[in-house]
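> Sequence first, then the predicted structure:
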Amino acid sequence: MVAEASRPPSVDKLARSLAHTGLPHPVLVDIARTAIADGDHESAQARAEAQQRVLLQPVINGTGVLLHTNLGRAPMAHTHTENFANLEFDLTTGARGSRQRPVGELLAKACGAEAAMVVNNGAAAVLLVLGALAAGRGVAVSRGELVEIGGGFRIPDVMNQSGARLVEVGTTNRTRLADFANAIDGAGGSGPAAGAPADNDVALVLQVHQSNYAIVGFTEAPTTAELATLAPPLVADIGSGLLDAACPWLDGGPPPWLKDEPAARQTLEAGADLVIFSGDKLLGGPQAGIIAGDAELVARCGRHPLARAVRPGGLVLAALQNLALTYLDRRGTDIAFWRMASYSVDELRERAESIVASASRSISATELDSTPGGGTLPGVEIPSFGLSMPGDHTDALRQHEPPIIARVVDDTTLIDLRTVDPADDQIIAAALDSAAALDSAAALGESSQ
């Protein structure tokens with residue numbers, strides 16, 4: 001009888017007992033089978049809950065990083081009905097249309113370009129531009145801009161895959177206009193260009209945003225306007241996706257921390273032939289790469305065979321279309337990123353004090369510094385306000401529903417309200433109260449021993 005009682009349940013019975021988790025039955029069967037095989041069928045519930053935590057789901061970002069790469073960068077809402085759409089169908093003529101034209105025209109209008117097109121991310125945009133405009137030819141880049149972005153992707157590697165040839169110019173910290181001119185004329189440069197004849201065949205000059213680092217001290221670099229005086233077309237990868245330095249979509253104009261951040265409109269006005277930027281950074285949209293500028297160069301990119309491999313789907317294009325219309329309507333506060341970026345410290349302080357008043361006394365309102373994140377504006381801090389609570393409560397907050405992502409400094413849990421939607425303030429209060437209660441219970445248990 002004892003042996004019969006200790007026998008584990010069948011896989012099917014155990015899987016069905018987990019149906020309340022909402023996971024599909026085949027997934028629950030795998031979980032049950034693994035738990036039984038490990039001799040620990042009682043862990044099946046915990047394993048199912050762990051599986052749920054792996055699935056994509058909304059979280060509350062309390063880190064103060066506005067463009068948190070691990071949390072999807074720019075937050076955005078987008079709904080789409082279960083209808084067909086005129087993705088590649090011209091409603092006027094009844095003929096096949098272009099998926100690039102509608103959103104491309106809107107984005108071009110928003111940043112002052114002749115034309116624009118969309119691909120699936122920023123690296124793909126660089127790859128397509130180089131492949132379409134410089135395959136088998138040289139591309140001049142300053143050594144100080146041969147960056148590596150997240151995930152180990154390096155500009156030289158992307159260039160190699162495109163079929164273009166890297167022409168390194170200048171030094172890490174100092175590159176002059178004359179260095180580019182010499183490389184183009186074949187009188188200078190190094191690496192593949194060293195000793196090249198006068199027909200060095202440099203097809204493009206590439207200016208690359210330094211993304212998540214900055215070189216300070218004894219530095220020099222030519223401006224966009226200076227590079228635009230050279231013969232080859234100038235392509236500027238501005239990275240973060242600021243459309244216009246004047247931020248006409250914000251009533252108060254650009255926030256001070258955006259100073260010196262390159263913007264698409266001003267970069268094109270300075271003479272760049274093309275700009276490349278991301279959709280999910282300062283643009284505040286979905287993951288995408290945007291190529292904008294000279295109409296003929298954009299068209300050449302669109303005709304390249306690689307354009308089909310990196311083209312976005314209808315959902316991304318619809319989201320970008322709505323976003324572009326919002327920019328053109330100058331409704332910046334309808335864009336989640338700009339709404340977060342525009343909160344005043346006084347607003348954030350008032351929210352923090354309200355949460356403290358309704359939550360545990362162990363929580364305090366505190367001054368904090370947010371950061372743009374997402375490989376933009378390295379070293380820039382944005383004055384903010386939030387909550388602090390003694391101890392490390394990040395595990396408990398992550399287990400909350402919805403999960404809350406916080407950070408710990410000097411054994412103190414911090415939640416920056418700049419990246420928290422005001423509608424979630426009471427969720428934050430309840431979660432911190434719960435964490436405080438768990439602490440009190442643990443302390444009481446230790447004192448009674």
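Cool, got the structure. Computed from a prediction, not measured in an experiment: that's the story for all the values here.
> which residues sit in contact with the residue nearest the centre of the chain?
The residue lying closest to the centre of the chain (CA atoms, centre = their mean) is residue 73, at 3.6 Å. If you count contacts by CB atoms under 8 Å, 6 or more residues apart in numbering, residue 73 has them with 67, 280, 281, 287, 373, 374. All C-beta atoms are positioned from the backbone trio N, CA, C, and that covers glycine.
> how close does the spatially closest residue to the second one that is not a sequence neighbour sit to residue 209?
Right, residue 280. Spatial nearest neighbour of residue 280, excluding adjacent residues (CB to CB, 6 or more residues apart in numbering): residue 73 at 4.2 Å. To residue 209, residue 73 is 16 Å away according to CB to CB, to the nearest Å.
> ok, now residue 86?
Distance from residue 86 to residue 209, by CB to CB: 35 Å.
> pLDDT score assigned to the nearest residue to residue 130 once chain neighbours are set aside?
In this structure, residue 130 finds its nearest non-sequential neighbour in residue 162, 3.6 Å apart by CB to CB, 6+ apart. If you check residue 162, the pLDDT there is 91.
> you'd agree residue 162 is up against residue 131?
Yes - Residue 162 is in contact with residue 131 according to CB atoms under 8 Å; the separation is 4.2 Å.
> Three-state assignment for the residue nearest to residue 280, please.
Secondary structure for residue 73, judged by DSSP: H, G, I helix; E, B strand; the rest coil, is coil.
> Mind pulling up the pLDDT for it?
94.
> Against residue 276, how distant is it?
In terms of CB to CB, residue 73 sits 17 Å off from residue 276.
> try residue 125
Residue 125 is 5 Å from residue 276, by CB to CB.
> Tell me the residues that contact both of the two, please.
Residues touching both residue 125 and residue 276 by CB under 8 Å, 6+ apart: 237, 289, 290, 291.
> Make a PyMOL selection of whichever of these turn out to be buried.
To isolate the buried ones among these in PyMOL, judged by 16 or more other CB atoms under 10 Å, type:
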select buried, resi 237+289+290+291
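> Tell me which of the shared contacts of residue 125 and residue 276 fall in strands.
237, 289, 290, 291 (DSSP state E).
> The last one against residue 129, yeah?
This means residue 291. Yes - Residue 291 lies in contact with residue 129 (CB under 8 Å); the separation is 6.1 Å.
> Name the residues contacting each of those two.
In contact with both residue 291 and residue 129: 274, 276, 301, using CB under 8 Å, 6+ apart.
> Neighbour-wise, which one of those leads?
residue 276 (29 neighbours; other CB atoms under 10 Å).
> and that one, what element?
Element membership for residue 276, per DSSP states H and E: strand 274-278.
> Packing partners of that strand?
Judged by 3 or more CB pairs under 8 Å, 6 or more residues apart in numbering; DSSP states H and E, strand 274-278 is in contact with helix 122-134, strand 234-239, helix 264-269, strand 289-293.
> One more pass at 10 Å, please.
helix 101-111, strand 115-119, helix 122-134, strand 202-208, strand 234-239, helix 264-269, strand 289-293, helix 295-303 (3 or more CB pairs under 10 Å, 6 or more residues apart in numbering; DSSP states H and E).
> tilt between it and strand 234-239?
10 degrees (axes from the mean of the first three to the mean of the last three CA atoms, to 10 degrees).
> What average pLDDT does strand 274-278 get?
96.
> about what we covered before: ok, now how distant is the residue nearest to residue 280 from residue 184?
Taking CB to CB, one finds residue 73 at 36 Å from residue 184.
> got it, and residue 106?
Here the distance between residue 106 and residue 184 works out to 35 Å (CB to CB).
> out of these two, which sits in the more crowded spot?
Remark: of residue 106 and residue 184, residue 184 carries more neighbours, 23 against 18, as counted by other CB under 10 Å.
> Could you double-check that the more buried one sits in contact with residue 140?
Yes - with contact defined as CB atoms under 10 Å, residue 184 counts as touching residue 140 (6.4 Å).
> With adjacent residues omitted, what lies nearest to residue 175?
Residue 175 sits nearest to residue 142 (CB to CB, 6+ apart), 4.0 Å away.
> same check, this time on residue 106
residue 324 (3.7 Å).
> So that neighbour, which state does it fall into?
helix.
> which residues touch it?
102-111, 116, 243, 283, 285, 290 (CB atoms under 10 Å, 6 or more residues apart in numbering).
> Lowest average confidence across helices and strands of the chain, where is it?
helix 2-6 (a mean of 51; mean pLDDT, DSSP states H and E).
> Could you count how many residues lie near residue 373?
Residues contacting residue 373 under the criterion other CB under 10 Å number 23.
> Tell me which residues touch it, please.
61, 63-71, 73-74, 212, 281, 380, 419.
> Out of the residues you listed, list just those in strands.
61, 65, 66, 67.
> Mind putting those into JSON lines with pLDDT?
As requested, these are exported to JSON lines (pLDDT from 0 to 100):
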{"residue": "61", "pLDDT": "98"}
{"residue": "65", "pLDDT": "96"}
{"residue": "66", "pLDDT": "96"}
{"residue": "67", "pLDDT": "95"}
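> Could you report the neighbour count for residue 85?
The local packing of residue 85 (other CB under 10 Å) involves 13 other residues.
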